[in-house]
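*Asks:* Could you work out the structure for the sequence below:
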Amino acid sequence: MWASLAMLTCAGVAAATTVDVDLRAPVLQPFYGAGVALSESSAALLLSLPESEQRAVIHRTFVEGNFRALRLPMGGCDFSLSRYSYDELPPGVASDLAMSHFSIARDEQYVLPALRKIVAAVRDAGKPPLWIVGSPWSAPSWMKTTRNLNGGALDYATFAAADLHRAYAQYFAKFVASYQQHGINVTALTLQNEPRFSTDQYPSMLLSPAEEAQLAVATSDALAAIGASTKIILYDHNWDDPAWPIEALGNLSALCNSSSGTVERTVIGSAFHCYAGNVAAQSVVKAAAPHKQIFFTECSGGAWSPNFSSDLLWDTTTLVIGGIANWASTVLKWNWLLTASGGPKLPGGCGNCRGVVTAAANGSAPFRLNEDFYALAHVAQFADGDSVHRLGSAAADCSALAVAGLHSCGSHSQCKAVVVAAYSGAVPLPFQLRLTDVGGRTLCANITLPATSVGSFVVGTEPVSGDSVSGAITTGDRSQLLKPIAPVTLESCL
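*Replies:* Numbering: from 1, shown residues only. This next block holds a predicted model:
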């Protein structure tokens, strides 16, 4: 079954307005889901909670909240308990091009036990498998110029480029195979988290567009050799440099002319973060490579922006609505679970990041869903079909409103349209939701959004007069948190 998503923007004074959703519009990119990252910090915090609290926070996020996308740091990052990779070497061993020392034993302590609990809850609820992407912050230290997980780049002075890329490709393939042995299917890989950034404070590594293209070819071959269907996504960095992924994709196309067609099928697009630039950069890259997909994979909230209302509206307007309007097939925030002080974490990383959910170590206080959660849940919880796509039509005639229209179908349920709205006005906004079905018939529902709020509104995609619009609202003052609305009847438009 299929589903679709459409968006628009608006900002100004509150006044009666119309939101048009045309169900005859073409289906655009698939939307695989909203989600979070399961860092080692989040995994360790989860496992420190009492079993009942673990079950409750997993259920609220991945079952009720329907978060479908999950990002896994491959090895240490700024939110792990210590630095590590899957191929650090014992004393006296200088290199391991055969990856004979590769081991995910460290992940078996925290990440895999937490992940298995999440996967089991999703499976037991009868939901589709999670969309899982693995992302390394660094190659093993022996492969790098610094001989350290922190900072540096791949060491081409010591190793031939082809040997280094082939070895690192085996690292990715072994990760996929090892996780598969634990019952975890890795949907995709990015080859380097934030390849334009290097620091001596925590695991990180520079990688150029040319290097990433060459590594993508080698990794595609390594994945094919083990029969893995795992895809490759390039870039995984901020909006402020769209030329980087465009160059990497161009280099890849040139390399593909002399390699197998497997590479072109395996490398499916580019991923973005929110920390610099503008979401419109995603459309710049899409225009340059229309046959490739766009993914949004990281943005963190934190103490630098402590206002629930403004954060809720920004995340919904910029990341959810803006992200998908600019071709994103996923929308992920950063750490799933952190403590109120933003830990556990390594020194030197983000000192005041906020988890999508705040939990107290050992469960000494109930977990708290943060504004990030509600922004994601308004798209994830209601667009719960087995397959989702963006619908290329929606429009409004007001300027304080941002709206996303979704068309969601499940294997055992009727197709439905879901409209997600973010409203920044200071007084309630009445609007008319006007649906045009595939036969050209138009029906309307009169809905009011509270001041500074986000809402999701749901109706069948073959509406008839008398059908009801359902949904939920979250307000910036927290008086309503995904609160169900009273059903609104669809009638002939006046």
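*Asks:* Going by C-alpha atoms from here, please, whenever you check contacts or count neighbours.
*Replies:* Noted.
*Asks:* can you list the domain ranges for this structure.
*Replies:* As assigned by automatic domain parsing, the chain contains the domains 4-28+393-492, 32-382.
*Asks:* Do you have the helices of this structure handy? List them.
*Replies:* Counting by DSSP state H, the chain has helices at residues 40-48, 51-58, 111-124, 161-181, 209-225, 243-256, 261-266, 281-288, 308-314, 322-325, 371-380.
*Asks:* Reformat those helices into TSV and put mean neighbour count and mean pLDDT next to each item.
*Replies:* Shown next, in TSV, are the helices of the chain (neighbours: other CA atoms under 10 Å; pLDDT from 0 to 100):
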stretch	mean neighbour count	mean pLDDT
helix 40-48	25	97
helix 51-58	16	97
helix 111-124	17	98
helix 161-181	19	98
helix 209-225	21	97
helix 243-256	19	94
helix 261-266	17	87
helix 281-288	20	98
helix 308-314	19	98
helix 322-325	26	91
helix 371-380	26	97
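*Asks:* residue ranges with poor pLDDT in the stretch 301-450 of the chain?
*Replies:* 393-399, 405-407, 411-413 (pLDDT under 70).
*Asks:* Can you give me every residue that contacts M205?
*Replies:* 137-139, 149-154, 192, 194-199 (CA atoms under 8 Å, 6 or more residues apart in numbering).
*Asks:* which non-adjacent residue is nearest F367?
*Replies:* Nearest residue to F367, sequence neighbours excluded (CA to CA, 6 or more residues apart in numbering): A359, at 4.4 Å.
*Asks:* And for T158, the neighbour number?
*Replies:* T158 has 11 neighbouring residues, counting by other CA atoms under 10 Å.
*Asks:* I'd like to know how far it sits from R147.
*Replies:* 11 Å (CA to CA, to the nearest Å).
*Asks:* ditto for V279
*Replies:* Between V279 and R147 the distance is 35 Å, computed by CA to CA.
*Asks:* the more surrounded of these two?
*Replies:* A count of neighbours by other CA under 10 Å puts V279 above the other of V279 and R147, at 24 against 16.
*Asks:* That one contacts G323, doesn't it?
*Replies:* Yes - using CA atoms under 8 Å, V279 is in contact with G323, at 6.3 Å.
*Asks:* okay, and the common contacts of the two?
*Replies:* Common contact partners of V279 and G323 (CA under 8 Å, 6+ apart): none.
*Asks:* tally of neighbours for the residue nearest to F367?
*Replies:* Going by other CA under 10 Å, the residues that sit close to A359 add up to 29.
*Asks:* For the spatially most central residue of the chain, give its distance to S424.
*Replies:* Residue closest to the average C-alpha location in the chain (CA atoms, centre = their mean): L332, at 2.4 Å. Distance, L332 to S424, by CA to CA: 23 Å.
*Asks:* Equivalent analysis for K144, please.
*Replies:* Taken as CA to CA, the span from K144 to S424 is 48 Å.
*Asks:* between the two, which one's more packed in?
*Replies:* Per other CA under 10 Å, whichever of K144 and S424 has more neighbours is S424, with 28 against 24.
*Asks:* Would you check that the residue nearest to the centre of the chain makes contact with R68?
*Replies:* No - L332 is beyond contact range of R68, at 9.6 Å (criterion: CA under 8 Å).
*Asks:* Touching stretch 294-306 from outside, list them.
*Replies:* By CA under 8 Å, 6+ apart, stretch 294-306 touches 71, 236, 269-275, 282, 286, 311, 323, 327-335, 352-356, 372.
*Asks:* Now the buried members of those residues.
*Replies:* Neighbour counting by 16 or more other CA atoms under 10 Å classes 71, 236, 269-274, 282, 286, 311, 323, 327-335, 352-356, 372 among these as buried.
*Asks:* Filter those residues down to the ones in strands?
*Replies:* Using DSSP state E, 71, 236, 269-273, 328-335, 353-354 are the members of the buried ones among the contacts of stretch 294-306 that sit in strands.
*Asks:* quick one, what contacts the closest residue to A169 other than its chain neighbours?
*Replies:* Using CA to CA, 6+ apart and skipping the chain neighbours, the partner closest in space to A169 is T219 (4.2 Å). By CA under 8 Å, 6+ apart, T219 lies in contact with H165, R166, Y168, A169, Q170, F172, A173.
*Asks:* The second one contacts S220, doesn't it?
*Replies:* Put plainly, it is R166. No - because the distance of 10.4 Å does not satisfy CA under 8 Å, R166 is recorded as not touching S220.
*Asks:* Out of the contacts of M205, who's the most crowded?
*Replies:* S138 (35 neighbours).
*Asks:* does A25 really touch G392, like I thought?
*Replies:* Yes - with contact defined as CA under 8 Å, A25 reaches G392; the gap is 5.6 Å.
*Asks:* okay, those two: which has more neighbours?
*Replies:* Comparing A25 with G392 by other CA under 10 Å, the one with more neighbours is G392, at 22 against 17.
*Asks:* Give me the distance between the more buried one and V419.
*Replies:* 13 Å.
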